[in-house]
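**Student:** Using only what follows, build the 3D model:
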Amino acid sequence: MKSKSFSRFLTILAVVPMFGLAAVAKDAAPPKKPTLLFDPSAVTDGKPAVVASYADVVEPVLKAVVSIYSKKTVRERVAINPLMRQFFGDIPDQEREHKEEGLGSGVIVSPDGYILTNNHVVEGADELKVGLSDDREYLAKVIGADPKTDVAVIKIEAENLPVVTLADSDKLRVGDVVFAVGNPLGVGQTVTMGIVSAKGRNQLGLLDGGYESFIQTDAAINMGNSGGALVDAKGRLVGINSAIISTSRGSIGLGFAIPINLVSSVLQSLIETGTVSRGFLGVLTQTSPAEDAETLGLPKGSRGIVITDVIPNSPADKAGLKRGDVFITLNGRKLTTGEELRLIIAETMPGTKLKLGLSRGGKPVTVEVMLTKLDEKPDELIPGVDVVPLTDELRARFRIPARFDGLMIRAVDKDSPYAEALAPDVLIVQIDREDVTDLASAKAALTPGRHLLYVFYRGALRVVRIDVKAG
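**Tutor:** Predicted coordinates:
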């Protein structure tokens, strides 16, 4: 369970997404899509009756909510005392490892074993075990995960499993009764009741720059509830419980769930490809205050989403969007905040054509734009290795001679297959004796196979051999 304090961040709409933990082999048969039950009606359809018990609503849900037990190996670097090196030479730092166990919840959404949960429940796990409500246990595999929304899909090999029906979370209303179902603190399957306290909560800083549009509820959510179900008074899944804000690490009535409509858009993509493809528009925006309405040519007292910059060669640039344009509608839907626009673009598949309603100089303008695919790792050269262009400041700091140019390695992920060969602050000067000039050409040069990198590090030019893996 995540627990963080509020934070503010500037909305950057270069709408940038996607990450997956599973890859699909080229010749493998496409995965079978699960058949999902769906009931789009509002929970208040029909005449409400006096309710003395929700047992009949909750009982079927309990059968479809599972406990997820994770195990992962954590490696730590232990620094050697400098005095030891004086006596025994250059002793390398040592590594030690220990096992960590985690607990979360999940929701079965297809009879053949697809289960929704949170990314942070399964992230880094070496082993996942799923416990059903009838005490059966299965090993699970990760189909795909999306840190930007904290959604993950796992699968167990079983048939005829109980499932929940998905609702339309856009039809939720503040005040609707909801139930949180999961395994908090490992005490066993637990149901708590509350209401929808708010919708569309964002800028909470819970996803570190991800896509936040949470359902807020006062139904008690505690550690272990992560990945469990938030259901409405008809027993339909409206959200996946994900986080709390708390001063005590326990529930104080500020629980947050990912709306099932957002989860569903991620679910299908993860099952089909193991990754998520998001749309890219290519603008930076700022939501203007109501007092600026007349200046922007908007109705008095209304807020506007103002374009502060347009990324060159982006879909927005090619469609003629300009700095100072104000977003009004998207495909006829009225827009209110930059966060809302950012989320809609991210949920839209690349290659989709959108009709944007703008105000330009106080006059209405309609523009059509074709979204491209968002690159969520724009600085990655090869998996786990991020680079930046060599600047004058970097050249001076690392005392790099003027005759050398190239790309500076900014970071190397500890899990990268190239972590042993490459390190931060290394300048890549040449690839296979060809000068490195920019990221795009360097990426193109690193085709699958063996390559020689000429790098500058600590005052000397060195040769590094790497094997680039396909895919």
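
**Student:** mind listing what Asp113 touches?
**Tutor:** Actually, residue 113 is Gly rather than Asp. The contact partners of Gly113, taken as C-beta atoms under 8 Å, 6 or more residues apart in numbering, are Tyr138, Lys155, Ile156, Glu157, Ala158, Glu159, Leu161. Quick note: C-beta positions are derived from backbone N, CA and C, even for glycine.

**Student:** Repeat that for Gly104.
**Tutor:** Contact analysis of Gly104 by C-beta under 8 Å, 6+ apart lists 67-68, 70, 117-118, 121-122, 182-183, 224, 226-228.

**Student:** Can you give me the neighbour number for Asp317?
**Tutor:** As a burial measure, Asp317 scores 16 neighbours (other C-beta atoms under 10 Å).

**Student:** Distance of it relative to Gly304?
**Tutor:** Going from Asp317 to Gly304 by C-beta to C-beta, to the nearest Å gives 21 Å.

**Student:** got it, and Gly449?
**Tutor:** Using C-beta to C-beta, Gly449 is found at 52 Å from Gly304.

**Student:** Comparing those two, which residue is more hemmed in?
**Tutor:** Gly304 (26 against 10).

**Student:** And for that one, nearest residue in space, chain neighbours not counted?
**Tutor:** Val326 (4.2 Å; C-beta to C-beta, 6 or more residues apart in numbering).

**Student:** Residues in a beta bridge with that neighbour, which ones?
**Tutor:** Counting by DSSP bridges, Val326 is bridged to Val306, Ser359.

**Student:** these two touch, right, it and Ser359?
**Tutor:** Yes: applying C-beta atoms under 8 Å, one finds Val326 in contact with Ser359, separated by 4.3 Å.

**Student:** what is in contact with the two at once?
**Tutor:** Counting by C-beta under 8 Å, 6+ apart, the shared contacts of Val326 and Ser359 are Leu296, Gly297, Leu298, Gly304.

**Student:** Could you tell me the end-to-end distance of stretch 227-247?
**Tutor:** Stretch 227-247 stretches 21 Å from its first residue to its last (C-alpha to C-alpha, to the nearest Å).

**Student:** where does the chain have low pLDDT?
**Tutor:** Applying pLDDT under 70 to the chain picks out residues 1-28, 44, 46-50, 75-95, 471.

**Student:** Grab the most central residue of it for me.
**Tutor:** Centroid-nearest residue in the chain: Lys148, 1.2 Å away (criterion: C-alpha atoms, centre = their mean).

**Student:** In three-state terms, how would it be classified?
**Tutor:** Secondary structure for Lys148, judged by DSSP: H, G, I helix; E, B strand; the rest coil, is coil.

**Student:** roughly how far apart are it and Leu374?
**Tutor:** 10 Å.

**Student:** and which of the contacts of Gly104 is nearest Gly338?
**Tutor:** When those are compared for distance to Gly338 (C-beta to C-beta), Asn118 wins out at 25.7 Å.

**Student:** Measure how buried the closest one is and give me the count.
**Tutor:** 28.

**Student:** ranges for the helices of the stretch 351-471 of the chain?
**Tutor:** Per DSSP state H, counting those that start in this stretch, the stretch 351-471 of the chain carries helices over the ranges 392-397, 439-445.
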